[in-house]
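Enquirer: Structure for the following, please:
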Amino acid sequence: MHFGKIAKLFGGAVLGAALLLGTLAPNTAQAEEKKDFKLAWSIYAGWMPWGYATENGIVKKWADKYGITIEVTQFNDYIESINQFTAGAYDAVLLTNMDLLAIPAVGGVDTSVLIMGDYSNGNDTIILKGKDKLEDIKGQNVNLVELSVSHYLLARALETIDLSEKDVTVVNTSDADMISAWKTPDITALATWNPMSSEILKDKDAHNVFDSSQIPGEIMDMCAVNTETLKDNPDFGKALVGAWYETMKLMSSDTPEGKAARESMAKASGTDLPGYEAQLATTKMFYDPADAVEFTESDNAHEIMDNVRGFLFDHGLLGEGAPSADVVGIEFPDGSVLGDEGNVKFRFNTDYMKMAADGKL
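Expert: This next block holds a predicted model:
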């Protein structure tokens, strides 16, 4: 593991060292029945429904149904939200498949995908200033959240033009700083996600040269939970899934209420309704839980996760001295495991989405 990079991701050497040692004692304490839970999230087109569901009482409604409380906290920094979950301060977090594997799973935290919310279908973008071809990226500094899905997107994009990361210089940049960074004259290339990418692309000198629609399904956006917490507190899972799909039904409806919900989400993400709906158009949202289950259980998920773990292994992010990409086990809904069956820390769980699809919440 490249400790310097991990320390940056985890916000300090102390937590980085804890992850290396696989301690993370706070999560051990989570493995018990309890009544109060916390969800961390950050701004992204497909995650705005969580803010709406919180502000409009939907989360509370479902928490009350199961006799629990759920505190939902918005983070301005995406990576920090994952750090907090990994440290045990939160029971659930919104993140991508790659970041789940790279941070909590590699850090020793057994984590389960509770809700497959969407996959990026154009929301993640590589943008060049004053140049309109991907080939023009060669030799440039590329600002992105290092070792995030933006970094993965860059690597996959470079493969398509027979280049590699040796042909560019990655500059680690917080997602919260992307828009202001773009306005700096010496920044000419970056990779980011919506809503930042849509805002940057309003600049006439900004050109989308590669995006996630060219690698469909590979960047999954999900709500994940601590596996032991979910096991000991199934009502927590039911409440989150119930709140999510009630909000999905509302926001996807062609009604005044649905439009009002989308307008609220648009405002919260810093845009207007047309702007937000443009972001949703580049997001393959799974409004129907049955569709989410079908995608999660597809054979394609195995191939995607094999690509993702290969990227992480190549970047030294699967553990100190990891001999191969098999070091962390990834369990799929059918019980099959990619990697070490004795060290499963990433689990695709469709049980609760199936409950929603069957009307059993």
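Enquirer: ok, what's across the strand from the closest residue to residue 338 other than its chain neighbours?
Expert: The shortest distance from residue 338 to any residue other than its chain neighbours is 4.5 Å, reached at residue 330 (C-beta to C-beta, 6 or more residues apart in numbering). Every C-beta, even on glycine, is put in place using the N, C-alpha and C of the backbone. Each beta-bridge partner of residue 330 is listed here, defined by DSSP bridges: residue 338, residue 346.
Enquirer: Verify the contact between residue 330 and residue 343 for me.
Expert: No. Using C-beta atoms under 8 Å, residue 330 makes no contact with residue 343, being 10.2 Å away.
Enquirer: okay, these two: which has more neighbours?
Expert: Taking other C-beta atoms under 10 Å, residue 330 and residue 343 do not tie; residue 330 has more neighbours (25 against 15).
Enquirer: State the pLDDT value of that one.
Expert: Residue 330 carries a pLDDT score of 98 in this model.
Enquirer: likewise residue 195?
Expert: 85.
Enquirer: isn't it right next to residue 270, touching?
Expert: Yes. With contact defined as C-beta under 8 Å, residue 195 reaches residue 270; the gap is 5.8 Å.
Enquirer: circling back to that earlier point, residue 346 versus the residue nearest to residue 338, what's the distance?
Expert: As for residue 330, its distance to residue 346 is 4 Å (criterion: C-beta to C-beta, to the nearest Å).
Enquirer: Overlap of the contact sets of the two?
Expert: Counting by C-beta atoms under 8 Å, 6 or more residues apart in numbering, the contacts common to residue 330 and residue 346 are 101, 105.
Enquirer: elements contacting the lengthiest helix in the chain?
Expert: Using DSSP state H, we find that the single longest helix of the chain is helix 234-251. For helix 234-251, the helices and strands in contact under the criterion 3 or more C-beta pairs under 8 Å, 6 or more residues apart in numbering; DSSP states H and E are helix 48-55, helix 58-65, strand 69-75, strand 111-120, strand 220-226, helix 227-232, helix 256-268, helix 351-357.
Enquirer: Export the ones you listed as TSV, with columns for mean neighbour count.
Expert: As requested, these are arranged in TSV below (neighbours: other C-beta atoms under 10 Å):
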stretch	mean neighbour count
helix 48-55	22
helix 58-65	19
strand 69-75	17
strand 111-120	26
strand 220-226	26
helix 227-232	20
helix 256-268	16
helix 351-357	21
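Enquirer: quick one: the strands in the stretch 51-200 of the chain?
Expert: All strands of the stretch 51-200 of the chain, identified by DSSP state E, counting those that start in this stretch, fall at 69-75, 92-96, 111-120, 124-129, 141-144, 169-172, 189-193.
Enquirer: Surely residue 311 forms part of a helix?
Expert: Yes. Inclusion of residue 311 in a helix is indicated when DSSP: H, G, I helix; E, B strand; the rest coil is applied.
Enquirer: Please renumber the chain so that the first residue is 46 from this point on.
Expert: All right, first residue 46 from here; so that's residue 356.
Enquirer: next one: the longest helix of the chain to chain centre, how far?
Expert: Centre-to-centre, helix 279-296 and its host chain are 18 Å apart (C-alpha atoms, centre = their mean, to the nearest Å).
Enquirer: List the contacts of it.
Expert: 82, 84, 94-95, 97-98, 103-104, 106-108, 110-113, 115, 136-137, 159-160, 162, 268, 270, 274-275, 302-303, 306-307, 310, 330-334, 397-398, 400-401, 406.
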